[in-house]
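>>> Curious how this folds, go ahead:
(4 chains)
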Amino acid sequence: MSETSQIVRDTANRLFTERISPQRLLGAETGAWLGEEWTLIEEMGLPLAMVGEEHGGVGLDDVDAAMVIRVAGANAVPLPLAETMLANRFLAAAGLPLSSGPATVAPVRPTDRFHLERAGGGWNLSGTAHRVPWARSAQTVLVLAEAGGQTFAIRLGDGQVRTECAHNLAVEPRDSLFVDGPVPDTAVAPLPEGTGIGDLMAMGAALRTAAMAGAIGRVLEMTVGYANERAQFGRPIGKFQAIQQSLAVLAGHAAAASGAADLAAEGLSQGARSLTVAVGKARAGEAAGVVATIAHQVHGAIGFTHEHSLHFLTKRLWSWRDEFGNEAHWNRLFGQRMAEAGADGVWPLIAAL
Amino acid sequence: MSETSQIVRDTANRLFTERISPQRLLGAETGAWLGEEWTLIEEMGLPLAMVGEEHGGVGLDDVDAAMVIRVAGANAVPLPLAETMLANRFLAAAGLPLSSGPATVAPVRPTDRFHLERAGGGWNLSGTAHRVPWARSAQTVLVLAEAGGQTFAIRLGDGQVRTECAHNLAVEPRDSLFVDGPVPDTAVAPLPEGTGIGDLMAMGAALRTAAMAGAIGRVLEMTVGYANERAQFGRPIGKFQAIQQSLAVLAGHAAAASGAADLAAEGLSQGARSLTVAVGKARAGEAAGVVATIAHQVHGAIGFTHEHSLHFLTKRLWSWRDEFGNEAHWNRLFGQRMAEAGADGVWPLIAAL
Amino acid sequence: MQDFSFPAPPTAPDTAELRAEVRAFLAAELAGYPAAKRIRSWSGFDAEFSRKLGQRGWIGMAWPKQYGGHERSALERYVVLEELLAAGAPVAAHWIADRQSGPLLLKVGTEEQKRSILPRIAAGEFFFCIGMSEPDSGSDLAAVRTRAVPVEGGWRVNGTKLWTTYAHHAHAMILYCRTGAADDRHGGTSQFLVDLTLPGITIRPIADLSGARHFNEVVFEDVLLPHSALIGQEGDGWNQVMSELAYERSGPERFMSTFVLFVELVRALGSQMTPDAAGALGRLGVHLVVLRRLSRSVAGMLQDGRNPALQASVVKDLGALVEQEIPEIARQLMAMEPDLRSHDALSAVLGYSILNAPAFSLRGGTREILRGIIARGLGLR
Amino acid sequence: MQDFSFPAPPTAPDTAELRAEVRAFLAAELAGYPAAKRIRSWSGFDAEFSRKLGQRGWIGMAWPKQYGGHERSALERYVVLEELLAAGAPVAAHWIADRQSGPLLLKVGTEEQKRSILPRIAAGEFFFCIGMSEPDSGSDLAAVRTRAVPVEGGWRVNGTKLWTTYAHHAHAMILYCRTGAADDRHGGTSQFLVDLTLPGITIRPIADLSGARHFNEVVFEDVLLPHSALIGQEGDGWNQVMSELAYERSGPERFMSTFVLFVELVRALGSQMTPDAAGALGRLGVHLVVLRRLSRSVAGMLQDGRNPALQASVVKDLGALVEQEIPEIARQLMAMEPDLRSHDALSAVLGYSILNAPAFSLRGGTREILRGIIARGLGLR
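As a prediction, the model looks like this:
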């Protein structure tokens, strides 16, 4: 890891660890917007992490940007950092102004699509996207839509969208977003040749993979710590072989999730062309379920309460694994690539990753 | 359990336990035919267990007949007892003479079919069936085939079939059977209305379920016994919690397999109309894999040797679970029935079993 | 190695009529009751509904008539239980009392306790909670610290019970606590029948991870219990609790907690199910059918006066796995995001199931504890 | 809690050319080599093939040239290993020597040992077996009873080694045995370089459950070893063995044992794969890709002189699960009966895989032992 990477990572980690307390997380669950924390994050320049300096960004390496999200995931940061990073990346690619506040992206589900067409001097955009992260809080919504065989980035502001509230299991906003109306020419720009909606899905998946790996690492620490503290039958439960074997399984999946996040981060820049993003999201998603199950089993009833912090992480794991494509989605995609490669092409395909 | 059932069960168990030694099992693996044991089994009347007294059989209750196969499974009896019982059942149902020696049945795979047609004064039968149990040793082969919308039983003798040797993982004969030639009228008879080839599959599945439950029960005993004997790190491995937890899982699957075999046995008489056979074969097949895995894990290297007896049972479990339809086959059938019943019909369907 | 066998369930008198009666009742009572509520299953609390069940004679079904029971067979009772669960009926109010508090009193209670309490349970008007777990005594029941000290006129209780489900709605608690020396792990404990309105009892809510309230902390501060509150023999608490376990661990509630999700999944997949989806669903159905067989077998053994604690542990261990597997399979088959508050029934039901699934292998004996019991039965400990 | 991290694998000098070279070699050498033999993978013994690999410089690749090595990087070596395994090449003859006997000698052997043995290993002409397990010492390595007693001119060895893979084909054994007090569990052991042609050594075959012979029992009766046979320090056996484990547990052979079945499965399913089959296959592929990443990371750490024993245990534990899962998924997808001797490649390969899969989580450290090591690394023991 380069020195810059280390500094960014440590600084972000310090900020999140200091600020994202259980109280703030409980507040976020009741719908509070953590404005102070967002301001601090903006002051660090993190929302511009994935934008090159030539476009006014910070120009972090994509792998380092993913590491920031990993650290955020470990702290269950209840803010649209990944989404704003992504939105700005696409805005910059299209030559549109960056977002000056929190932003989000749409569509985020493989089946949702917007309809964009020329209307008068400008454009008309219509359509609905569901499960859009933080739509209610976004000052800018980046929408991708296809028209005439090209993919366009559309920069929408507050007044141009209607949202309906919905949530993931961690009570993070996952809203429905409705658009139907004119958009000025200045807010619409084509993306570079070869960039498409699939890239948004893939890059979102890569960042969720990073977040899951972070959360899983923290869950491992918490669970080992708890096992060493909690006594039953006269000794810490971590001394019981049954618990030890379970925690070893947890650690194995944590290692796999970490490797998966590394693979996904390395593929991030390539968007939908990257198979390692598919691999990463699928593998980390599988780990997420196993890890949450074992962590709760070891924590027992106490981990099942709202007071204990475990659920801030496990509820996110149960949510994130299904966002930007669940395991079945990405496993299937990888399987189809193997089928296309044919039996004798399977190994070359794997060895190239 | 009735007194008769108890007597049949105990007598069969005594015979198998006394006669089916590891040496005999090793002999069977090298292709030896256990003629003495077969004679003793015939003397007990077991091949006629599923034929009513009015047809010259023993007239055991089907549930008791399945129990005999369960006991045989527990002892890994390498003889075509289930197949001969089945063949005789169908021969009797068609009014054809029973088999006077070992017999088998065909087809046994969902995709294999024979072609039967009128030819001159008699019939012509042609076709191939694979994985036919003990075909090489059978004096009688019962073939089921459809003609003109009816299902016929065809009684073939030694000279009328050609076989090619193949085996399951326990090195039990699972031969390919080739038929192509005339069959006299006296060897062909229609089965009662409503009886079809599917019944043969289902009844075979029910008996394999019984055999698996027997073998699983014995594997549980052997593995617990071994865990209590084998010492590592200064105490019996059965004292280690990791082993205890694994054996508890094994015991759970053994209980499920036993219940599955009970369900299948109760459905045996109803053949393909019985959903409990589907349930039983699928559940016991799933248990078979888990049980064999845990048993070998606990036994360690010693259980992996040809000298130790564990493999006589585990190799049969790995084979039987795939015979007469594997788990996927029967699970799918049950799932399709649920789909046909519709969401609100699922519970009534389950509660009726 | 103890006997692990599961005899065939008793062949009951024909239960078809009873079953039809229950279904008709539920169809009427629960018309329009949404799947998002049905999924709560036996965690759904509705005192009015319980009262109606009592009026139909479906609580305390197998108890003697002299105590308000109906002297029906265990299998008839089983039919009612499983129909309630399959429909996702809100049965939490009376469930504990019907399943274990009543049977405990019937077995070892005083004539006075039986006469005063059982008829009210059977009427669906008197609800119980279980006072077993404590802050430092979850899996290790013998480590309870709550203590009842003999005083003039009865007992004085001090201590804290935790995870007491629906204590805030219950009328009474079966309290398990120490009455003897602290170093006598199993011998020095007793059970008491506690009126929760007594002075000195404080019930505090504990929110679960989804923010819902059903757990409580129940604090006893110098609570005075009359002599008549003792259940069974002083010092016999451990044995009495152990004999409750087969009731607690073998019923259909131990594998049907996500059955409503299963049904909604079949609904969503519809008739154009792929063979693989049919296989995945079929497998779950297969597991449920076999579990039901084993569970009914235990019900028969209980009716025959046997103690199938081992078999009950097997049912609960296998059952929790299937209950937990259903949401995992559902989300892969449907590729949907779970959302507890969604308008979409499947998403909401899935969300509820995912959030609650971890509890299935904790409540009523953790997976590790159950497997330890099974290992002991195998002769390994 | 120890460091569990897996750093990014080193960015090697471009290995594309080497990889292409190996593939071309294998395509030529293994043309017509059937899948039923390829599935034996690193259990397939072919001395001639090993010699050819030696001639290509693909054994002892990372060792110093002075000992017959080729001073290639760990990642280059990894490329060769994984290409061999992916093709199912018969590499058993030299595998142990290349993976751990050679590196052990290189690390702690005498100059004489290094000069006399390493070049012959690298030439693919000198094969090793491992003398660790004993009848009463499987998982509990510290319980070995075979003993070397100092005598004039060297050591006298008595005892029995078990499960010694390919001892009957190997030239030498790395013997792990007791040289000190029996009550010093870890301290009193040493390692020796044993010429298997010495008098007093008897090698007896042990058939595995399929009747195949690769295991042996190796009995030592008053076998005299010269002083020069001692490897490393007397009494340091335990530590030396422990430092071998990261080599033994992290390589691609720990997750590719059924890769040939995986390939045949893709072949059988063909291009008209259902989405669900693609999902099941894809998932296995995903697991393999991630394992490969972790395994290459460990190779990099080994090259850097670190001791990633913990990470290696993780790779082996996760890897065995996938190796074992492949046949289970294959049989459900194809609905075929496994038959070791079938003419049908898939059935034969499946049969071999099912019969051998149990060994994957036993050999080289049982699943329970590995998880115990991981738990210790987590700070739980």
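>>> Please count neighbours and contacts with C-alpha atoms only from this point.
Noted.
>>> For A:Leu156, give me its contacts.
A:Thr140, A:Val141, A:Leu142, A:Val143, A:Val183, A:Ala187 (Cα atoms under 8 Å, 6 or more residues apart in numbering or on different chains).
>>> ok now the helix or strand harbouring it, how far from the chain's centre?
For A:Leu156, the enclosing helix or strand under DSSP states H and E is strand A:150-157. From the chain centre to the centre of strand A:150-157 is a distance of 21 Å (Cα atoms, centre = their mean, to the nearest Å).
>>> For A:Ala261, which residues are in contact?
Per Cα under 8 Å, 6+ apart, neighbours of A:Ala261: A:Ala206, A:Thr209, A:Ala210, A:Ala213, A:Gly280, A:Lys281, A:Ala284.
>>> do A:His55 as well
A:Ala92.
>>> now it: how far from A:Val179?
28 Å (Cα to Cα, to the nearest Å).
>>> now do A:Gly56
Taking Cα to Cα, one finds A:Gly56 at 29 Å from A:Val179.
>>> With C:Gly319 instead?
Counting by Cα to Cα, the gap from C:Gly319 to A:Val179 is 47 Å.
>>> Neighbour count for these two, which is higher?
The neighbour count for C:Gly319 versus A:Val179, taken as other Cα atoms under 10 Å in any protein chain shown, is higher for C:Gly319 (29 against 19).
>>> and the direction of the longest helix along chain A versus that of strand A:150-157, what angle?
Secondary structure assigned by DSSP state H gives helix A:197-229 as the longest helix of chain A. Relative orientation of helix A:197-229 and strand A:150-157, computed by axes from the mean of the first three to the mean of the last three Cα atoms, to 10 degrees: 60 degrees.
>>> how about helix A:197-229, does it get close to chain C?
No. Residues of helix A:197-229 are not located near chain C by Cα under 8 Å from any Cα of the partner chain, the shortest gap being 11.7 Å.
>>> Ramachandran angles for residue 25?
All of this refers to chain A. Phi and psi for A:Leu25, reported as degrees, to the nearest 10, are phi -70, psi -40.
>>> That one: how many residues sit nearby?
21.
>>> Can you name the residues that contact it?
A:Ala76, A:Val77, A:Pro78, A:Phe312.
>>> thinking the last one is in contact with A:Ala76, fair?
Yes. At 6.5 Å, A:Phe312 counts as touching A:Ala76 under the criterion of Cα atoms under 8 Å.
>>> Compare neighbour counts for the two and give me the winner.
Comparing A:Phe312 with A:Ala76 by other Cα under 10 Å, the one with more neighbours is A:Ala76, at 29 against 24.
>>> which bits of the stretch 151-300 of chain C sit near chain D?
Taking Cα under 8 Å from any Cα as the contact definition, the stretch 151-300 of chain C meets chain D at C:Asp276.
>>> In the stretch 151-300 of chain C, what residue comes closest to chain D?
Going by Cα to the nearest Cα, chain D is nearest to C:Asp276 of the stretch 151-300 of chain C, at 6.4 Å.
>>> So which residue is dead centre in chain A?
Per Cα atoms, centre = their mean, the C-alpha nearest to the average position across chain A is that of A:Arg208, at 2.8 Å.
>>> burial count for the residue nearest to that residue when sequence neighbours are not counted?
Spatial nearest neighbour of A:Arg208, chain neighbours left out: A:Trp320 (6.2 Å); criterion: Cα to Cα, 6 or more residues apart in numbering or on different chains. Neighbours of A:Trp320 under the rule other Cα under 10 Å: 26.
>>> Let me see the confidence value for A:Trp320.
At A:Trp320, the model reports a pLDDT of 98.
>>> any chance you could map the strands in the stretch 101-250 of chain C?
C:128-131, C:147-151, C:154-161, C:172-178, C:189-195, C:201-207, C:213-226, C:230-231 (DSSP state E, counting those that start in this stretch).
>>> Isn't C:Leu81 up against C:Pro252?
Yes. Assessed by Cα under 8 Å, C:Leu81 is found in contact with C:Pro252 at 7.2 Å.
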